[in-house]
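[1] Need the 3D shape of this:
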Amino acid sequence: MSEIRIEVSDFIAVVTLDNPPVNAMDPDWDLMGIMDSLSERDDVRVAVLTGAGDRAFCAGVDVKKAAEAASDEPGAQTAGNRRGRETFYSVMECAVPVIGAINGHALGAGLAIASSCDYIIASERATFGLPEIDVGLLGGARHFQRMFPQGVTRWANFTAQRIDAAEAHRLGSVQRVVPHEQLMDEAMSDAQIIAAKMPIGLKMAKANLNLIEDMDLRNGYRYEQTQTSILVKTEDALEAKVAFAEKREPVFRGR
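    Below is the predicted model of the structure:
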């Protein structure tokens, strides 16, 4: 059975891609709808995105199901392409931080999903790659560039070779690499830290980081200053200051 599982507890959403044996991206998945819903839930402040099992995070598109769903109708391929890219954008544009807990292979579309997360904690078994050239396709090079330098991106595209977790960490593409059996504990530990922060601040920080990514220094920092001026006027920002002065845990209300 192919599905995306969601569990929410203590302001943390765990989203699990589940399509055995390698969690290939199913055309019927609605990851976009799920990420959009997390953006609007008051009981979610951070998400952890991972794959089921021990083999793969997501090893690309489910080729068999994609072939079955293919159509010669005019506009069908364009619509499929749009669904694909908007699915990746939905992870990047989710209003709350998304931690990628990469438990195995992240290839092709799976690499694009992983690169759309805010940052990655990887199992020692994780690999990253673009195998598309071996099956007559072009890979998600632009998504790959969000994680890896230009030369590495071109090497991976031309050779279809994979980058292991240790090398990805050395290149700064992965926040840290952990023993496989500790992956979810490590990701949840980070998620708990983030979930304790002020929710309105988290959402503003996420939107801010997305917008300034392609800005120059002057305009990016100016935008940050403007957003800070808005944030400091919120009730939660005041509560954060008072709680810090009183040496107690803040109680945030999301406004």
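[2] partner strands of the host helix or strand of residue 121, parallel or antiparallel?
    Using DSSP states H and E, residue 121 sits in strand 119-123. Applying DSSP bridges, strand 119-123 is found paired with strand 98-102 (parallel), strand 176-178 (parallel).
[3] how about those in TSV, adding mean neighbour count, distance to residue 27 and mean pLDDT?
    (C-beta placed from N, C-alpha, C; glycine too.) Listed next are those as TSV, based on neighbours: other CB atoms under 10 Å; distance: least, CB to CB, whole Å; pLDDT from 0 to 100:
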stretch	mean neighbour count	distance to residue 27	mean pLDDT
strand 98-102	27	22	99
strand 176-178	18	32	98
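[4] hmm, back to that, mind checking what helix or strand follows the strand holding residue 121 in sequence?
    strand 127-129.
[5] thinking again about what came up before, could you list the residues in contact with the strand holding residue 121?
    99-104, 114, 147, 165, 168-169, 173-180, 183, 186-187, 190 (CB atoms under 8 Å, 6 or more residues apart in numbering).
[6] mind running it again at 6 Å?
    Outside strand 119-123, the residues that touch it by CB atoms under 6 Å, 6 or more residues apart in numbering are 100-103, 165, 174-177, 180, 183, 186-187.
[7] got the CA positions of stretch 160-167 in PDB?
    Below are the C-alpha coordinates for stretch 160-167, written out as PDB (Å, rounded to 0.1, in the frame of the first residue of the first chain):
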ATOM      1  CA  ALA A 160      24.800   9.400 -12.300                       C
ATOM      2  CA  GLN A 161      27.100   8.600  -9.400                       C
ATOM      3  CA  ARG A 162      25.800   9.100  -5.800                       C
ATOM      4  CA  ILE A 163      27.200  11.100  -2.900                       C
ATOM      5  CA  ASP A 164      27.200   9.300   0.400                       C
ATOM      6  CA  ALA A 165      26.200  10.900   3.700                       C
ATOM      7  CA  ALA A 166      29.700  11.500   4.900                       C
ATOM      8  CA  GLU A 167      30.700  13.400   1.800                       C
END
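[8] for it, which positions count as buried?
    160, 162, 163, 164, 165, 167 (16 or more other CB atoms under 10 Å).
[9] wait, which of those residues is closest to residue 51?
    Closest approach between the buried residues of stretch 160-167 and residue 51, by CB to CB: residue 165, at 14.1 Å.
[10] Can you list the low-confidence ranges for the stretch 1-150 of the chain?
    1, 63-71, 76 (pLDDT under 70).
[11] where along it do the helices fall?
    All helices of the stretch 1-150 of the chain, identified by DSSP state H, counting those that start in this stretch, fall at 31-39, 63-69, 76-92, 109-115, 141-145, 150-159.
[12] got the contact list for the last one?
    Put plainly, it is helix 150-159. By CB under 6 Å, 6+ apart, helix 150-159 touches 129, 130, 139, 141, 144, 145.
[13] For the nearest residue to residue 173 once chain neighbours are set aside, give me the backbone phi and psi.
    Closest residue to residue 173 apart from its sequence neighbours, by CB to CB, 6 or more residues apart in numbering: residue 147 at 4.2 Å. Phi and psi for residue 147, reported as degrees, to the nearest 10, are phi -110, psi -30.
[14] Check whether residue 147 really touches residue 115, as I assumed.
    Yes. Applying CB atoms under 6 Å as the test, residue 147 and residue 115 come out as touching, 4.9 Å apart.
[15] ranking the helices of the stretch 1-150 of the chain by burial, who's on top?
    helix 109-115 (a mean of 28; mean count of other CB atoms under 10 Å).
[16] Please name every helix or strand in contact with it.
    Packing contacts for helix 109-115, counted by 3 or more CB pairs under 6 Å, 6 or more residues apart in numbering; DSSP states H and E, involve strand 56-58.
[17] Noted, bye for now.
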